[in-house]
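Provided below are the primary sequence and the corresponding predicted coordinates.
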Amino acid sequence: MSKDIAIAFFSRSGENYKVGSVEKGSGALIAGMIEKAVDARAYEIARKRPYPESYEECNKDAEAERTANDRPELRDPVPQVSEKRLILVYPNWWGDLPMPVYTFLDSIDTDGLEIYPVCTHEGNGIGFTEKCISQVYPKAKVMKGLALRGSDVQKDSAGTEAAITRYLASAALI
């Protein structure tokens, strides 16, 4: 088990954009691949009150949270993160992080933490997410991230795993 790498991920099952209904969200699939590669356990960032299964209803709910700059309560207690590096997996929602990810980051000590963003998207890449993390958590060191299309993650496991392995190797995480 890696002693200096933590993994946290936000993922959503149900109806997803350009993919349809999925039992396991893209972030969960990616986190599983990263867990194996770096030999570390992943913490799932999940809202206490789950998002609706419907893509449109989830969008409305998530956009209201974002507009209010809400930090929704998480389902599980946030673990103490004592590792020096955090691989953070999340979807790009309107160029930003989902609000539960902010709740998670607010709950840990980010001072001096190296954050490695791994972001899913359907056309906007990593968006402004690296910048958002840097602005809200200025004492963290945000490293170059990886952007993966969620539809590719769902349809091409081998290609996704190869991209993740290349990223982790280039970041000296494996």
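On my side now, so go ahead. Numbering: from 1, shown residues only.

every contact and neighbour count from this point should use C-alpha atoms.
Fine.

Y102 - how many residues pack around it?
18 (other C-alpha atoms under 10 Å).

residues contacting it?
By C-alpha atoms under 8 Å, 6 or more residues apart in numbering, the residues touching Y102 are R71.

can we see that at 10 Å?
Counting by C-alpha atoms under 10 Å, 6 or more residues apart in numbering, Y102 touches I45, N69, D70, R71, P72, I133, V136, Y137.

could I get those as JSON lines with pLDDT and neighbour count?
Below are those laid out as JSON lines (pLDDT from 0 to 100; neighbours: other C-alpha atoms under 10 Å):
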{"residue": "I45", "pLDDT": "98", "neighbour count": "23"}
{"residue": "N69", "pLDDT": "96", "neighbour count": "11"}
{"residue": "D70", "pLDDT": "97", "neighbour count": "14"}
{"residue": "R71", "pLDDT": "98", "neighbour count": "17"}
{"residue": "P72", "pLDDT": "98", "neighbour count": "17"}
{"residue": "I133", "pLDDT": "98", "neighbour count": "19"}
{"residue": "V136", "pLDDT": "97", "neighbour count": "12"}
{"residue": "Y137", "pLDDT": "98", "neighbour count": "19"}
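
which single one of the residues you listed is nearest to K84?
Nearest to K84 among those is Y137, at 14.8 Å by C-alpha to C-alpha.
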